[in-house]
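K.L.:
Sequence and predicted structure, then a few things I'm wondering about:
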Amino acid sequence: MSLLATSLLLVLAQQPPRVQRPTAPGTSPAPAAPAPVEPAAVTTPEADVAPTPPVPQDMSPAPAPAPAPEVGPPFYQPEDMQALRQRHGQSPKPPTVERKPVFRCWVADPTCGFVIELNATSAYAFRARQGSVNEANDINRWSSARVQYDVWFSIPTMVETRGKFRYTRLSLGPKGGIVASDSKDIWGNVGIAGRYWFSRKRFAPNLEFTSSLVFKVAGNNRAGNFDSVRGPMGFSADVAFGLGGFGSIVVGGQFDSPLAREDVPDVERVSAGGMFFLGFRGNIVWGAPAALAVGTHAITTRAVTAP
Amino acid sequence: MVTPDSEPAPTEVAPTPAPTPAPAPSAVVVLAPPPAAPGPARTPPPEHGPFFAGEPASETAFPNGPRTTDKPRLSIGGGAFCFVDDAFCKSSLILTADVGIGVNIVGGTRSPDLPYAHFNFRGGVVFKPLMRKDGWHPWGIGLVGSWSRGTGAPSKETAVVSPHTDTWRVSVVNQMWLSKKRNGFHLDLDLGLIRSTVLDGKGQFFGTNASLSANWGGWGGIFMSGDFLDHDTRVVFGFRGHGIATAPAIGLILLGLLAGGAFGGAQ
């Protein structure tokens, strides 16, 4: 039995391996025409294995002798990869080095992956608030400013690959922060922020979009003191066009829901309000957005009073 | 019947592990590995995800992103203590600020339920006591304290009876890390004791706090929290961020208010 198995293995080992080699097509034998198969020869895999003499436990079929480069993975050679890149329209020379971001990854960059960023917004705001309900269309309108500080968790949700480098194409994640305007109005906000990158460069153009729940946190209370203030939940949304993670031009709006149910005491009622805004948003790490926001906030607090 | 002479046996069904290029007594026959030690080819690769998964094996990476071999960010002792919590930190600092909006549910008929918002500061430490060296465990536990200032109690009077609501909390944090990845996702359940005013009363009373949060590493996340006092319940949904990210925002907003004269009587 052992002699029979050894002989069988010798025969098997001389058969060419049935592995498709992508290179050196000239050396591969021409594929033979498929031989007709007798119906009786069609058997189940178990039937194929069954007549095979059992292989001893301490032996296994030997691998076929092959040239050294083709023994194991990778089976594809550099010329195969070039053909693959050409077939899919890829650059023949993928990048092997990549630039470093100027502020490490504290400013969003397509080369960074997960980024925590703190953005400051300074914007002109056209504000409005419902006036007396006893008069038709009584709406108070005034020009003001909006300042916003938001923490973004930019999670790469769609990526692209060049060579062995991965780049963020679309980031999406939760965000939250503080909004301020005239009359010491302070809102909190909780929402979601996304950014779509149009290229991989340092100042890559991108489209930002956010939406959030907005709620009053502080302001002048009924006694005229700057303290906690009640307000119902509203919402805010904006879109922006930016360069890198450094800055963007932002357009958006905010709506403050009214609190005027019949069972709410008169002193607790809140009118509907809101604003449209157009401004600049940027990461505070490089300084200018933070300075601009503080200045805008200070000037607005001093110079603008809500009607 | 297919005979061995007509077609070789398929290599996929070879009863022994894949051959290895071991030194063989002849060119065509090699000795298989001992049966007692089957090769990795017999073991199917472990399923990857969705929970408790590490970084997947990949030939690609973000050029400036962290490498899998890097230590946790802002850590000392190779993750023995982290200033920003992460999946492979044995102990970590908790230092967060948050804002939230919810409802103040008042028992009885004294007042309707009204909106309630707060800002909160939270600090403490968490540990992964079952994480051994060169290992990982999804459970973490810790102790945090927090202070929040929220909307005042509802009132029917023109004068503000309760300008704001301050609350102190001490809570036990239970972490369930659902990922081994950097900045991995984890769910936290905080249960603890609170001390706060009830309605528009002046006295301080004890109550219960429960909070469930979804977090990314130690950077923060979103949460839902409830403060349960006698006839005074406050439920809040909000966003929480690590102090490294939120402290500058708080400083800048205070600086703007200060420069604008908000604390000096400017209207």
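P.N.:
Noted; the coordinates are in hand. Numbering: from 1, shown residues only, chains lettered A, B, ... in the order given.

K.L.:
which residue does the stretch 101-250 of chain A bring closest to chain B?
P.N.:
residue A:176 (2.6 Å; C-beta to the nearest C-beta). Any C-beta I mention is one placed from the backbone N, CA and C, and that applies to glycine too.

K.L.:
Tell me if that residue really is in a strand.
P.N.:
Yes - assessed with DSSP: H, G, I helix; E, B strand; the rest coil, residue A:176 lies in a strand.

K.L.:
Could you measure from it over to residue B:99?
P.N.:
Separation of residue A:176 from residue B:99 (C-beta to C-beta, to the nearest Å): 6 Å.

K.L.:
Which one's more surrounded, those two?
P.N.:
Per other C-beta atoms under 10 Å in any protein chain shown, whichever of residue A:176 and residue B:99 has more neighbours is residue A:176, with 30 against 25.

K.L.:
roughly how far apart are the closest residue to that one other than its chain neighbours and residue B:119?
P.N.:
Distances taken as C-beta to C-beta, 6 or more residues apart in numbering or on different chains place residue B:239 nearest to residue A:176, at 2.6 Å, with adjacent residues excluded. From residue B:239 over to residue B:119 the distance is 11 Å, taken as C-beta to C-beta.

K.L.:
Now do the helices in chain B.
P.N.:
B:243-259 (DSSP state H).

K.L.:
make that the stretch 1-150 of chain A, sorry
P.N.:
Taking DSSP state H, counting those that start in this stretch as the criterion, the stretch 1-150 of chain A carries its helices at A:2-13, A:45-49, A:78-87.

K.L.:
Can you tell me which of those has the worst average pLDDT?
P.N.:
Within these, confidence is poorest for helix A:45-49, with a mean of 41 (mean pLDDT).

K.L.:
for chain B, what are the low-confidence residue spans?
P.N.:
Within chain B, the stretches with pLDDT under 70 are B:1-47, B:265-267.

K.L.:
max-length strand in it?
P.N.:
strand B:91-106 (DSSP state E).

K.L.:
got it, and chain A?
P.N.:
The residue-count maximum for a strand in chain A (DSSP E) belongs to strand A:139-162.

K.L.:
surely residue B:116 meets residue B:234?
P.N.:
Yes - counting by C-beta atoms under 8 Å, residue B:234 is a contact partner of residue B:116 at 5.1 Å.

K.L.:
Now for the two: what residues contact both?
P.N.:
Common contacts of residue B:116 and residue B:234 (C-beta atoms under 8 Å, 6 or more residues apart in numbering or on different chains): B:102, B:103, B:104, B:150, B:165.

K.L.:
right, and the second one touches residue B:111 too?
P.N.:
So the one you mean is residue B:103. No - with contacts counted by C-beta under 8 Å, residue B:103 stays clear of residue B:111, the gap being 11.9 Å.

K.L.:
So which of these two has more stuff around it?
P.N.:
In this view residue B:103 and residue B:111 are compared by other C-beta under 10 Å, and residue B:111 has more residues nearby, 20 against 17.

K.L.:
show me what contacts that one?
P.N.:
A:265, B:154, B:155, B:156.

K.L.:
Let's see that with 7 Å instead.
P.N.:
Listed by C-beta atoms under 7 Å, 6 or more residues apart in numbering or on different chains, the contact set of residue B:111 reads residue B:154.

K.L.:
Counting neighbours, what do you get for residue B:113?
P.N.:
15.

K.L.:
whoops, I mixed them up, residue A:79
P.N.:
Count around residue A:79 with other C-beta under 10 Å applied: 11.

K.L.:
separation between it and residue B:80?
P.N.:
Distance of residue A:79 to residue B:80, given as C-beta to C-beta: 49 Å.

K.L.:
how near is residue B:246 to residue B:198?
P.N.:
Counting by C-beta to C-beta, the gap from residue B:246 to residue B:198 is 29 Å.

K.L.:
Of all the helix elements in chain A, which one is longest?
P.N.:
Taking DSSP H as the criterion, chain A has its longest helix at helix A:288-303.

K.L.:
tilt between that helix and helix B:243-259?
P.N.:
30 degrees (axes from the mean of the first three to the mean of the last three C-alpha atoms, to 10 degrees).

K.L.:
Which strands and helices lie in contact with helix A:288-303?
P.N.:
Applying 3 or more C-beta pairs under 7 Å, 6 or more residues apart in numbering or on different chains; DSSP states H and E, one finds that helix A:288-303 contacts strand A:115-130, strand A:139-162, strand A:273-283, helix B:243-259.

K.L.:
let's go with 6 Å and repeat that
P.N.:
strand A:115-130, strand A:139-162, helix B:243-259 (3 or more C-beta pairs under 6 Å, 6 or more residues apart in numbering or on different chains; DSSP states H and E).

K.L.:
which of the residues in that helix are buried?
P.N.:
With burial defined by 16 or more other C-beta atoms under 10 Å in any protein chain shown, the residues of helix A:288-303 counted as buried are A:289, A:290, A:292, A:293, A:294, A:295, A:296, A:297, A:298, A:300, A:301.

K.L.:
what does the model give the first one for pLDDT?
P.N.:
Right, residue A:289. 97.

K.L.:
ok, what's across the strand from the residue nearest to it when sequence neighbours are not counted?
P.N.:
Closest residue in space to residue A:289, ignoring its immediate chain neighbours: residue A:282 at 3.3 Å, by C-beta to C-beta, 6+ apart. Using DSSP bridges, the beta-bridge partners of residue A:282 come out as residue A:120, residue A:247.

K.L.:
so how many other residues sit close to residue A:282?
P.N.:
Close neighbours of residue A:282, defined as other C-beta under 10 Å, add up to 26.

K.L.:
same deal with residue B:79?
P.N.:
18.

K.L.:
ditto for the one 10 residues further on
P.N.:
Counted with other C-beta under 10 Å, the neighbours of residue B:89 add up to 28.

K.L.:
can you tell me how far the residue nearest to it when sequence neighbours are not counted sits from chain A?
P.N.:
Excluding the flanking residues, the one nearest residue B:89 by C-beta to C-beta, 6+ apart is residue B:82, at 3.7 Å. Distance, residue B:82 to chain A, using C-beta to the nearest C-beta, to the nearest Å: 15 Å.

K.L.:
What's the local residue count around residue B:82?
P.N.:
23.

K.L.:
which residues sit in contact with it?
P.N.:
Applying C-beta atoms under 6 Å, 6 or more residues apart in numbering or on different chains to residue B:82 gives the contacts B:72, B:75, B:89, B:92.

K.L.:
which one of those is nearest residue A:214?
P.N.:
Taking C-beta to C-beta as the measure, residue A:214 lies nearest residue B:92 of the contacts of residue B:82, at 31.4 Å.

K.L.:
what pairs with the closest one across the strands?
P.N.:
According to DSSP bridges, beta-bridge pairing links residue B:92 with residue B:82, residue B:126.

K.L.:
Counting neighbours, what do you get for it?
P.N.:
Residues near residue B:92, counting by other C-beta under 10 Å, number 26.

K.L.:
I figured it hits residue B:124, correct?
P.N.:
No - assessed by C-beta atoms under 6 Å, residue B:92 is found out of contact with residue B:124, at 9.5 Å.
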